[in-house]
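[1] What shape does this take:
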Amino acid sequence: MSKDVIVALDFPSKEETLAFLDKFTGRKPFVKIGMELFYAEGPSIVREIKARGHKIFLDLKLHDIPNTVKKAMASLSRLDVDMCNLHAAGGSEMMKYALEGLKRADGTRPILIAVTILTSIGQETLEKELKIALPLEKTVTEYAYLASQSGLDGVVCSPLEAGKVKDVCGKGFLTVTPGVRFADGEKGDQVRVTTPARAAELGSDYIVVGRPITAAADPVAAYERACREFLGE
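    Okay, here's the model as predicted:
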């Protein structure tokens, strides 16, 4: 898969989601379905959006005992999603079991990536609340290396860490990066953020953009702007 902009469909209902997607009459954006929408509408929303021709990143961040994650991934794989994820903090055995669960009868599977450290977390929270003494960037690269050694395709990280992840895990190891905002936009609840253009320079393979597109006065124009800045289109 080539580099792309992934639009986060952070809506509470099917109606709002499909009304948003109806605005895109030409190009079919790669989209992310997260917990809010999936828990509200269930697997049917994934099937409907897939039937419309969109690639889907199903962002449910699984984190449980290995066998439970394996069975859950088997269910998600049958939805024909293109990408899904789990928390690297679940450990290597959980990640390996997840890969087994994702394999379809024909040998294919979705891209599997691991969440390292959420982009809403900074160094102070890492140390004081999570009790992780390593520098944040080092923690991210350690988790990324664990994911790569477990056979995963890439990680979710901030654009600020994308280059370091590739230094440690190799250029082919994917970096999927939320925490992307336009230079003239609000940061919201994200801490480790940058612009689409800077994310491209830092080595992001995919950027995930939510509110700067979904809450824009003209979402299609905002999406096209993100593509121009990140992909040079």
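[2] And the helices in this protein?
    Using DSSP state H, the helices found in the chain span residues 14-21, 35-41, 43-51, 66-77, 92-102, 123-128, 136-149, 159-169, 196-202, 211-214, 219-231.
[3] how many other residues sit next to residue 193?
    Residue 193 is flanked by 20 other residues according to other CB atoms under 10 Å. Where you see a C-beta, it was placed from the backbone N, CA and C, and this is true even at glycine.
[4] That one contacts residue 177, doesn't it?
    No. Using CB atoms under 8 Å, residue 193 makes no contact with residue 177, being 9.8 Å away.
[5] Identify the contacts common to the two.
    Contact criterion CB atoms under 8 Å, 6 or more residues apart in numbering; residues bridging residue 193 and residue 177 by contacting each: 158-159.
[6] got a list of what the spatially closest residue to residue 182 that is not a sequence neighbour touches?
    Distances taken as CB to CB, 6 or more residues apart in numbering place residue 212 nearest to residue 182, at 5.4 Å, with adjacent residues excluded. Taking CB under 8 Å, 6+ apart, we find residue 212 in contact with 180-182, 185, 222, 226.
[7] State the distance from residue 212 to residue 33.
    Using CB to CB, to the nearest Å, we find residue 212 at a distance of 18 Å from residue 33.
[8] now for the helices of the chain, which one comes closest to residue 8?
    Among the helices of the chain, helix 211-214 comes nearest to residue 8, with 7.0 Å by CB to CB.
[9] May I see the buried residues of stretch 35-51?
    Within stretch 35-51, the residues that qualify as buried are 37-38, 41, 45-46, 49-50, counting by 16 or more other CB atoms under 10 Å.
[10] thinking residue 17 is in contact with residue 45, fair?
    Yes. Using CB under 8 Å, residue 17 is in contact with residue 45, at 6.8 Å.
[11] Now the common contact residues for those two.
    By CB under 8 Å, 6+ apart, residue 17 and residue 45 have these common neighbours: residue 37.
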